[in-house]
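Peer 1: Build me a model from this:
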Amino acid sequence: MGFQGNVIVLLFGSLFIYLTFTLVKVLYKLWWTPIRMQNFMASQGIRGPSYRFIHGSTREVMAMKKEAMAKPMTLSHNIFPKVLPQIYTWINTYGRNYLSWYGPKAHFVVSEPELVKEILNNKDRSYPKGDVPAYFRLLLGNGITTSEGEKWTKHRKLSTYAFNTENLKGMIPEMIASVEMMLERWKQNEGREIEVYDEFRLLTSEIISRTAFGSSYLEGKNIFDMLTKLSLLINRNLYKLRLPGISKFWRTRDEIESENLVKGIRNSVMEIIKKREEKVKTGEAEGFGNDFLGVLLNSYHDEDEKKRISIEDVVDECKTFYIAGQESTNSLLSWTILLLAIHTDWQEEARKEVLKIFGQQKPNLDGIARLKIVRKLYIQITR
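Peer 2: Residues are numbered from 1 along each chain as shown. Purely as a prediction, here's the structure:
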């Protein structure tokens with residue numbers, strides 16, 4: 001065999017070694033490690049659905065969700081099996097704490113109240129936030145919900161300052177004005193059905209736009225619409241696993257649409273930011289303001305590097321507040337209306353209390369603090 005033959009043999013040998021090493025590495029990550037983890041947890045009494053090669057528990061989750069959504073829902077408080085059928089099923093099967101799998105990654109699900117309390121307190125910082133899936137990162141970026149350490153502390157202080165008691169007092173007139181506009185629309189539809197969830201979606205988007213960002217309803221609506229579409233895409237792909245790095249060579253239609261939505265959201269937020277900055281630059285406004293956007297921009301322009309945040313941080317926090325603020329408030333309002341419609345006795349008691357304290361006057365902070373029945377109702381709903 002000549003020199004050329006030796007080179008070919010060497011190349012094939014190197015390729016064989018590389019492929020063997022890669023195969024061993026893949027099997028170690030996708031099979032050996034999960035099986036070892038599963039056996040280790042089982043030895044401590046923690047059970048769960050068996051690990052499936054590559055997919056973990058994701059196929060079971062998708063099947064359970066599909067089955068749950070195919071069934072009609074009755075007017076009942078028992079929404080757990082409908083919303084999170086996999087957790088409901090596995091808690092009843094394996095106990096309050098169990099092990100499940102997102103692909104080859106182990107998820108230890110804890111539902112015992114005392115353990116949950118300990119984890120949330122996290123005094124010793126023993127429970128760091130896990131890696132955020134790529135799709136969620138598109139929605140939330142690197143804002144307060146995904147960051148940790150000094151960055152989380154800094155952003156938390158900004159949010160706390162923006163929504164202190166004094167600032168919240170100043171938001172009440174804007175909230176009242178938005179609610180009055182909604183009620184006027186309802187009067188025009190008297191005698192006809194109203195899609196309450198959509199109405200509250202419009203209400204919350206308008207209030208957030210006006211109170212937190214000082215922007216118009218249309219500007220806020222555009223961002224909310226894009227965030228809603230992005231959320232739907234994320235939910236649709238949450239349990240669909242993709243091979244690492246494959247997106248560099250081939251992207252699905254959902255991935256392309258998601259990237260376009262992310263760019264659109266960023267551009268819309270940047271337009272609102274530039275308008276606020278322009279007002280300060282031209283002297284139309286003395287400062288960036290005390291609303292949420294103003295607090296973020298003050299930090300972005302801070303001369304102290306330790307207090308300063310990047311423009312990407314500003315955009316990510318805006319996205320987080322838009323989506324988290326609207327979704328949570330919208331869902332709570334819709335659920336409250338549904339429960340009041342079912343339990344008319346609570347509805348009547350709440351109405352009497354509101355009329356007794358406010359009469360025909362507009363709500364104010366002092367009066368709201370005296371609403372005992374409404375507060376009790378809120379505690380029952382959010383418990």
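
Peer 1: Tell me which other helices or strands the helix or strand in which residue 107 is found touches.
Peer 2: Assigned by DSSP states H and E, residue 107 falls within strand 105-110. Applying 3 or more C-beta pairs under 8 Å, 6 or more residues apart in numbering; DSSP states H and E, one finds that strand 105-110 contacts helix 33-43, helix 85-94, strand 97-102. C-beta here means a position set from N, CA and C on the backbone, and glycine is covered the same way.

Peer 1: got the contact list for the nearest residue to residue 381 once chain neighbours are set aside?
Peer 2: Counting by C-beta to C-beta, 6 or more residues apart in numbering, residue 381 lies nearest to residue 336, which is 5.7 Å off, once chain neighbours are set aside. Neighbour list for residue 336: 377-378, 381 [criterion: C-beta atoms under 8 Å, 6 or more residues apart in numbering].

Peer 1: related to what we said a few turns ago, can you say which of the helices and strands packed on strand 105-110 is packed in most?
Peer 2: Highest mean neighbour count of those: strand 97-102, a mean of 20 (counted as mean count of other C-beta atoms under 10 Å).

Peer 1: where does the stretch 1-150 of the chain have low pLDDT?
Peer 2: 1-11, 13, 132-135 (pLDDT under 70).

Peer 1: Report pLDDT for residue 368.
Peer 2: Note on residue 368: pLDDT of 86.

Peer 1: counting contacts, what elements does whatever helix or strand residue 225 lives in pack onto?
Peer 2: Secondary structure from DSSP H and E places residue 225 in helix 217-237. On a contact count with 3+ C-beta pairs under 8 Å, 6+ apart, helix 217-237 meets helix 134-140, helix 196-212, helix 253-282, helix 311-342.

Peer 1: among the ones you listed, which is nearest residue 350?
Peer 2: Of all the helices and strands packed on helix 217-237, helix 311-342 sits nearest to residue 350, with 7.1 Å by C-beta to C-beta.

Peer 1: what angle separates that closest one from helix 217-237?
Peer 2: Between the axes of helix 311-342 and helix 217-237, defined by axes from the mean of the first three to the mean of the last three C-alpha atoms, to 10 degrees, the angle is 80 degrees.

Peer 1: what's the burial count for residue 342?
Peer 2: 12 (other C-beta atoms under 10 Å).

Peer 1: Could you verify my assumption that it touches residue 75?
Peer 2: Yes: if you go by C-beta atoms under 8 Å, residue 342 and residue 75 touch, sitting 6.1 Å apart.

Peer 1: Show me the domain layout of this protein.
Peer 2: For the chain, the structural domains run 11-126, 149-342, going by automatic domain parsing.

Peer 1: next one: the last one to chain centre, how far?
Peer 2: Right, the one you point to is domain 149-342. Computed by C-alpha atoms, centre = their mean, to the nearest Å, the chain-centroid distance of domain 149-342 equals 12 Å.
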